[in-house]
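Visitor: build the 3D model from these lines:
(one chain, ligands or ions: 1)
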Amino acid sequence: MSKWTEIEKKYYMPTFQRMPVVLVRGQGARVWDDNGREYLDFIGGLAVNSLGHCHPVVAKALAEQGKTLTQTSNHFYTVPQLQLAELLVNNSCFDKAFFCNSGTEANEGAVKLARRYGKLHLDGAFVVITTFDSFHGRTLAMVAATGQKRFQEPYTPMPSGFVNVEANSIESIKKATTKQTCAVMLEPIQAEGGVNIPSEDYLKKVREWCDKKGILLILDEIQTGMGRLGALFGYQLYGIEPDIITLAKGMGGGVPIGAFLARKKADVFKVGEHGSTFGGNPLVCAVAYAVTKHIIENDVAGNARRVGEHLGSRLAKLKAKHVFIVDVRGRGLLWAVEFKKDMAEPVMLGCIEKGLLVNKLKPNAIRLIPPLIITKKDVDEATGILGDVLARQAG
Ligand SMILES: *Cc1c(COP(=O)(O)O)cnc(C)c1O
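Guide: Coordinates of the predicted model:
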């Protein structure tokens, strides 16, 4: 055991169940621990390192902007922020952008925007409908939005203004909609909640319902956006256009940045109604601009789609081999493997021993969220290791 595990125990709040690895270096889809051991990284900073670790595009933007201008406050115009806004707007169905520092903060901003819309256009409506098994973040309001008891119960009472309804059920959304509803907020695919893929026409029906009621549709694409599902944005795969989208994770390629984008209709903030000290600073925006541009110009989403299909077929083969795998599901490079029993922990630890990092999603499921730049060869290596570990579990 490394001395750092002891230091963590002594000095860091025990909120994380850490994997028994101290990471010190990363390159592409590989990371190294403090003993020099190499791992193939199928966690990628939790779907953050879209271009892998220390991609030259990220390193160059960080270094150059770090020597140029890093923070000014939003009292000034700065170039990287505006370049990034222009790039995102011109490659999406949205008209305006706002930048913040994390996914949770992006969702908070989106909900504030929806509440402003409610005050201005919906007679003061303020309630946002979200789904069970969703994940929208860790602030109090976003815990209320997150439809999972385990996140809410330690912190009750919850802030008001959210109702959680059954996922993948248009009827539940219809039933929960009242005169006080200003928006529905959904992940296209629930990621943290289990990689739960809705029925093909669900989002279309939600879109139709929101239009009928005049309420806003917010898509939380913090995990699914920026190429993860095999398209730049998840909504493009479902043939709908949300009114507001939230982004974070993959868009910074490793630096902390979040964003929400809105169509003209929902572009209702006025001067002073929202803000951020760090949000949209030149340093992170220069990196996110370089990352986003690279993703678009090199069709990184296309790679995620092609390599993701290969990963899906490899996982299907493992499922066919082992009765204790009850489901493999995913899209692009967001996949879950679900087991009959609570064996995610030993599978995860077995993979670490053989040099592969996978995420324990639930006691009975693991998640694979590698960098979007991985190759089919990386997939073969990862599924080879996973196959060995599973075979040992079977024996
Ligand atoms: C990770 C995640 C969040 C929270 O983002 P943070 O950057 O951790 O605040 C919110 N929604 C979804 C869908 C996520 O995957």
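Visitor: and for stretch 205-216, what's in contact with it?
Guide: Residues outside stretch 205-216 that contact it (CB atoms under 8 Å, 6 or more residues apart in numbering): 114, 117, 121-122, 125, 170, 173-174, 177, 181-184, 186, 217, 240-244, 266. C-beta: built from backbone N, CA, C; applies to glycine.
Visitor: can you select the buried ones from those residues in PyMOL?
Guide: Here is the PyMOL command that picks out the buried ones among these, judged by 16 or more other CB atoms under 10 Å:
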select buried, resi 114+117+121+122+125+170+173+177+181+182+183+184+186+217+240+241+242+243+244+266
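Visitor: and whichever residue of the stretch 201-350 of the chain sits closest to the ligand, how many neighbours does it have?
Guide: Of all residues in the stretch 201-350 of the chain, the one sitting closest to the ligand is Gln223 (3.4 Å; CB to the nearest ligand atom). Using other CB atoms under 10 Å, Gln223 is surrounded by 27 other residues.
Visitor: ok, it to Ala106 distance?
Guide: As judged by CB to CB, to the nearest Å, Gln223 and Ala106 stand 12 Å apart.
Visitor: what of Ala365?
Guide: 26 Å.
Visitor: the more surrounded of these two?
Guide: Ala106 (32 against 22).
Visitor: and after the helix or strand where Ile245 lies, which helix or strand comes next?
Guide: Taking DSSP states H and E as the criterion, Ile245 maps to strand 244-247. Later in the chain than strand 244-247, the nearest helix or strand by DSSP H and E is strand 258-262.
Visitor: list the buried residues in the following helix or strand past that next one.
Guide: Sequence-wise, the next helix or strand downstream of strand 258-262 (DSSP H and E) is helix 282-297. Residues of helix 282-297 classed as buried under the neighbour-count rule (16+ other CB under 10 Å) are 282-296.
Visitor: verify the stated contact: Leu372 with Gly227.
Guide: Yes: judged on CB atoms under 8 Å, Leu372 makes contact with Gly227 at a distance of 5.1 Å.
Visitor: overlap in contacts of these two?
Guide: 50, 250, 295, 300-301, 304.
Visitor: ranges for the helices of the stretch 51-200 of the chain?
Guide: 56-66, 79-90, 103-121, 140-145, 149-152, 170-176 (DSSP state H, counting those that start in this stretch).
Visitor: may I see the buried residues of the second one?
Guide: Same thing as helix 79-90. Buried residues in helix 79-90 (16+ other CB under 10 Å): 80-81, 83-85, 87-88.
Visitor: and what of the longest one?
Guide: Buried residues in helix 103-121, counting neighbours by 16+ other CB under 10 Å, are found at 103-111, 113-118, 121.
Visitor: ok, whichever residue of the stretch 51-200 of the chain sits closest to the ligand - contacts?
Guide: Among all residues of the stretch 51-200 of the chain, Gly103 sits closest to the ligand, at 2.3 Å; criterion: CB to the nearest ligand atom. With contact set as CB under 8 Å, 6+ apart, Gly103 has these partners: 137, 220, 222-223, 246-249, 258.
Visitor: what's the distance between stretch 165-184 and the middle of its chain?
Guide: Here the centre of stretch 165-184 is set off from its chain's centre by 23 Å, with CA atoms, centre = their mean, to the nearest Å.
Visitor: now that stretch: average pLDDT?
Guide: Across stretch 165-184, the average pLDDT comes to 98.
Visitor: for that stretch, measure first residue to last.
Guide: Terminal residues of stretch 165-184 lie 10 Å apart, using CA to CA, to the nearest Å.
Visitor: could you do stretch 172-180 as well?
Guide: For stretch 172-180, the end-to-end distance is 16 Å (CA to CA).
Visitor: shaky segments in the stretch 251-395 of the chain?
Guide: Applying pLDDT under 70 to the stretch 251-395 of the chain flags the ranges 395.
Visitor: once you drop chain neighbours, what's closest to the residue nearest in space to the middle of the chain?
Guide: Central residue of the chain (CA atoms, centre = their mean): Gln223, 1.6 Å from the mean position. Setting aside the residues directly before and after it, Gln223 is nearest to Ala191 in space (CB to CB, 6 or more residues apart in numbering), at 4.0 Å.
Visitor: number of residues surrounding that neighbour?
Guide: 26.
Visitor: contacting residues around it?
Guide: 47, 135, 223-224, 334, 367.
Visitor: how about the residues of the stretch 201-350 of the chain by the ligand?
Guide: 220, 222-223, 248-249 (CB under 6 Å from any ligand atom).
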